[in-house]
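> Could you work out the structure for the sequence below:
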Amino acid sequence: MPFDESAIATWANAVSVMRLLISPLLFALIPVDGRGSWIALALWMVLCLSDGIDGYLARRHGTTRSGAFLDPLADKVLVLGAMFTLVSRDVFWVLPVLIIAFREVIVSVYRVFIGARGVSMPASKLAKIKTFSQQMAVGFALAPITTVNQTWTWQIFLWVAVALTVVSGAQYAAQAVLSRKRPQATN
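Numbers count the residues shown, from 1 in each chain. Predicted coordinates:
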């Protein structure tokens, strides 16, 4: 049976939507005192791992245009929402989070722009490592054992994420410039 790329009701999309809907609960569970929470950490881990489930389902059953939009959206809402919540709890410093957010917004807008032209821009390997380092930074900032006494754990991951954010953003920008310079095939 042929697969419909325009399908919306897929298992992978259901996982992405679930991640979007549960994200505000995670943000509410992050303690105001900034001392971490095992419950918030456990939910964070489930939401991060569910991204892998989403990807597995998409590869197994077929990728869709709606999934190509929903999955990265869920990733951005989850990561940036948690990071800005940690900023509001005086755990994360705002500057690295703003750098990460700026890149994420620019790349997401660019993806929508080229997606409207029928061009796909899958995440690079470096961008996937960047996402993992962002997830680790948040995870260590949520773990009560490392939030206060071993802040170097999440601080290292956060600054590695910033560096990878800048480098992967520069890679995407270079690809965009090079693709504009290539001669377009005419019909």
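> Now do the contacts for the residue positioned nearest the centre of the chain.
Nearest to the mean C-alpha position of the chain, counting by CA atoms, centre = their mean, stands residue 75 at 3.2 Å. Applying CB atoms under 8 Å, 6 or more residues apart in numbering to residue 75 gives the contacts 51, 131. (Glycine included, C-beta is placed from N, CA and C.)
> swap in residue 41?
Residue 41 neighbours (CB under 8 Å, 6+ apart): 139, 142, 143, 144.
> Okay, the closest residue to the last one other than its chain neighbours and residue 56: tell me how far apart.
In this case it means residue 144. Distance criterion CB to CB, 6 or more residues apart in numbering; nearest residue to residue 144, sequence neighbours excluded, is residue 36 at 3.6 Å. Applying CB to CB, to the nearest Å, the value for residue 36 to residue 56 is 30 Å.
> These two - which one has more neighbours?
residue 36 (22 against 13; other CB atoms under 10 Å).
> hang on, isn't the more buried one packed against residue 149?
No: assessed by CB atoms under 8 Å, residue 36 is found out of contact with residue 149, at 9.9 Å.
> centre of the chain versus stretch 168-180, how much separation?
Relative to the chain's own centre, stretch 168-180 is displaced by 19 Å; criterion: CA atoms, centre = their mean, to the nearest Å.
> if we can go back for a sec, filter the contacts of residue 41 down to just the ones in helices.
Members of those lying in helices (criterion: DSSP state H): 139, 142, 144.
> Most neighbours among the residues you listed, which one?
Busiest of the ones in helices among the contacts of residue 41 [other CB under 10 Å] is residue 142, holding 28 neighbours.
> The ones in helices among the contacts of residue 41 into a markdown table, with extra columns for distance to residue 43?
Below are the ones in helices among the contacts of residue 41 laid out as a markdown table (distance: CB to CB, whole Å):
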| residue | distance to residue 43 |
| --- | --- |
| 139 | 11 |
| 142 | 9 |
| 144 | 14 |
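> So which elements touch the helix ranked longest in the chain?
Counting by DSSP H, the longest helix found in the chain is helix 151-181. Under the contact definition 3 or more CB pairs under 8 Å, 6 or more residues apart in numbering; DSSP states H and E, helix 151-181 sits against helix 94-115, helix 125-142, helix 144-147.
> Tell me the gap between the last one and the middle of its chain.
The chain centre lies 23 Å from the centre of helix 144-147; the measure is CA atoms, centre = their mean.
> mind listing what's buried in it?
Across helix 144-147, burial judged by 16 or more other CB atoms under 10 Å covers 146, 147.
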